[in-house]
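Student: predicted structure and sequence below. I'll ask about it afterward.
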Amino acid sequence: MIRVQYFARYREALGLDGEQLSAEFSSLEQLRQHLLARGGVWDVLAEQNLMCARNQELCSLDEPLLAGDEVAFFPTVTGG
Amino acid sequence: MSIRVQLQPFDPGVELNALHAANLGIGAVVSFVGYVRDFNEGREVGGMFLEHFPGMTEKALGKIAEEAAQRWPLLGIQIIHRVGHLQPGEPIVFVGVCSAHRQAAFEACDFVMDYLKTRAPFWKKEDTREGPRWVEGRSSDQAAASRWQAI
């Protein structure tokens, strides 16, 4: 089981703040490809400047995934 | 080291004085305060909403502060960041860095802001006359943060 969260503009575009996925994914990129295959609004995750986190730490898309991980996708951060 | 992510406004002057009062060995305090502007990217801004990733936000800020403390000889560091609704003129962020001498505090404060801008999970949504709009990340912020990797 993987928990996925979406933030800010992505959350609004998807109309969803998060979901649980029971499939297994070897990496964040593989998970992202699975979500992109849904088509339509999910194209937002194809953005070049997409950021992601695994277990609340920033990471790259080639980061490996394990069952029980918590993943988040979000646009470039704009705090400060 | 103190990290606060809060809905409530804060007074930068009070925070600054409290930082120094904690340790008389402090010879220098450098602070940065970021404010909500009433104009951005060609549009009047009537206010903004700051979204964040509860849990990760505090961790990310803590990690940035720890990295600063490893790079420079610091005697204290405080980061305060507002979330929720803010009005023009209100402080969004406060970074206060204490050291015995000024150079470490100047550099560490600059470093913390550059990393906060590019690594802490906050997102600004501005209220404009044309409706709400998400603020886009700036490549100049990425460039500023990458300066520190060469050191």
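Tutor: Thanks, I have the structure now. Note that this is a predicted model, so its numbers are computed, not measured.
Student: so which residue is smack in the middle of the chain?
Tutor: Picking chain A for this. Taking C-alpha atoms, centre = their mean, the centroid of chain A lies closest to residue A:73, which sits 3.4 Å from it.
Student: hmm, I had chain B in mind actually
Tutor: Geometric centre of chain B, nearest residue: residue B:93, 4.2 Å, by C-alpha atoms, centre = their mean.
Student: about what we covered before: on the three-state scheme, the residue nearest to the centre of chain A is what?
Tutor: For residue A:73, the assignment made with DSSP: H, G, I helix; E, B strand; the rest coil gives strand.
Student: next one: residue B:98
Tutor: strand.
Student: that older thread, list the beta-bridge partners for the residue nearest to the centre of chain A.
Tutor: Following DSSP bridges, residue A:73 is listed with bridge partners residue A:6, residue A:52.
Student: how close does it get to chain B?
Tutor: 11 Å (C-beta to the nearest C-beta, to the nearest Å). Using the backbone N, CA and C atoms, a C-beta is placed for each residue, glycine as well.
Student: residue A:41 now?
Tutor: Per C-beta to the nearest C-beta, residue A:41 is found 15 Å from chain B.
Student: quick check, that residue in contact with residue A:16.
Tutor: No - using C-beta atoms under 8 Å, residue A:41 is not in contact with residue A:16, being 9.1 Å away.
Student: so residue A:23 touches residue A:33, yeah?
Tutor: No - assessed by C-beta under 8 Å, residue A:23 is found out of contact with residue A:33, at 11.7 Å.
Student: how many residues are close by the closest residue to the residue nearest to the centre of chain B other than its chain neighbours?
Tutor: Once flanking residues are discounted, residue B:93 sits nearest to residue B:34: 4.3 Å by C-beta to C-beta, 6 or more residues apart in numbering or on different chains. If you count neighbours by other C-beta atoms under 10 Å in any protein chain shown, residue B:34 ends up with 17.
Student: let me know the average pLDDT across the helix or strand where residue B:34 lies.
Tutor: Element membership for residue B:34, per DSSP states H and E: strand B:28-35. The average pLDDT for strand B:28-35 rounds to 98.
Student: next one: stretch A:4-21
Tutor: If you average the pLDDT over stretch A:4-21, you get 98.
Student: any buried residues in it, and which?
Tutor: Within stretch A:4-21, the residues scored as buried using 16 or more other C-beta atoms under 10 Å in any protein chain shown are A:4-14.
Student: what does that stretch rub up against?
Tutor: Residues from elsewhere that reach stretch A:4-21 (C-beta atoms under 8 Å, 6 or more residues apart in numbering or on different chains): A:1-3, A:31, A:34-35, A:41-42, A:44-45, A:70-75, B:51, B:53, B:121, B:123, B:125, B:134.
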